[in-house]
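**Student:** Sequence isn't available, so here's the structure alone:
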């Protein structure tokens, strides 16, 4: 079962890093003692949170070591089926066990006569006596509530959601608002980012804000007359944008326009025309 296979990985596997995560992904989806499960490359990437090249290299190394075996190769949209041959029929240790898993055995040699308690009635137990609890275990043994497995969720079909997780379209949650705003602005591009580039984009969004990134991309798009097909073209520029202004930042000085001009406040300009004699 899944927990037994996962215990084998923790206790006996020689894999490390991404390879260990990939092996745990197989163990998590293997429902039987044969340790067989089907996983796609995309699922390995989600479970290990690693780049595709790292996942492919890790799986190849597991196949070479014998800790993983391909039972059925991938074909078309069908994912490959893997087996963990060294973990087949492995049973996880029962830590803290003090007896058989089914509870204490019945005490067959115990006398059925109860000691006198001062009552005049017979102390021999009959079928109509008040029950004193099950004979095969401590009182209340059969009423324990299930608290769930101690080692984590059992047989999850998908990785747990977390901040920055990938949505149903294979797109990181944090980048979706930026993609939507660019598309609405007419900047329609591909997003072939690797994991390192997604981290850079996340940092740029947090530092400069989505409106600044959209404005920069729109200006570059217009300069190139729309000849851009990948968001990678904008990434370096996004990373170099200034941070958002602090809440207490002061605006530059403005001057009032006399005569009730409907334009209201205007940016400051030096009243001495000599400063502009060089055309600055």
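**Tutor:** Received the coordinates, thanks. The structure presented is a predicted model; accordingly, all values stated were derived computationally and were not measured.
**Student:** Disregarding residues adjacent in the polypeptide, which is nearest to residue 36?
**Tutor:** residue 83 (4.7 Å; CB to CB, 6 or more residues apart in numbering). The C-beta positions use only the backbone N, C-alpha and C, and glycine is treated the same way.
**Student:** Next, count neighbours for the one you found.
**Tutor:** For residue 83, the neighbour count with other CB atoms under 10 Å is 18.
**Student:** Same check on residue 209?
**Tutor:** 16.
**Student:** isn't it right next to residue 242, touching?
**Tutor:** No: at 10.3 Å, residue 209 does not count as touching residue 242 under the criterion of CB atoms under 8 Å.
**Student:** thinking residue 213 is in contact with residue 241, fair?
**Tutor:** Yes: with contact defined as CB under 8 Å, residue 213 and residue 241 form a contacting pair (7.0 Å).
**Student:** In the stretch 1-150 of the chain, where is pLDDT below threshold?
**Tutor:** Applying pLDDT under 70 to the stretch 1-150 of the chain picks out residues 1, 95-150.
**Student:** which stretches of it form helices?
**Tutor:** With helices called from DSSP state H, counting those that start in this stretch, the stretch 1-150 of the chain shows them at 2-12, 17-29, 41-48, 52-65.
**Student:** Out of those helices, which gets nearest to residue 251?
**Tutor:** Proximity to residue 251 (CB to CB) singles out helix 41-48 among these, at 45.7 Å.
**Student:** okay, the angle between that closest one and helix 52-65?
**Tutor:** Here the directions of helix 41-48 and helix 52-65 differ by 90 degrees (axes from the mean of the first three to the mean of the last three CA atoms, to 10 degrees).
**Student:** hmm, back to that, let's have the helices of the stretch 1-150 of the chain in TSV, adding distance to residue 217 and mean neighbour count.
**Tutor:** TSV is the format used below for these (distance: least, CB to CB, whole Å; neighbours: other CB atoms under 10 Å):
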stretch	distance to residue 217	mean neighbour count
helix 2-12	44	18
helix 17-29	33	22
helix 41-48	27	19
helix 52-65	26	16
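**Student:** Save those as TSV, and put in distance to residue 187 too.
**Tutor:** Converted to TSV, the helices of the stretch 1-150 of the chain look like this (distance: least, CB to CB, whole Å):
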stretch	distance to residue 187
helix 2-12	45
helix 17-29	34
helix 41-48	27
helix 52-65	26
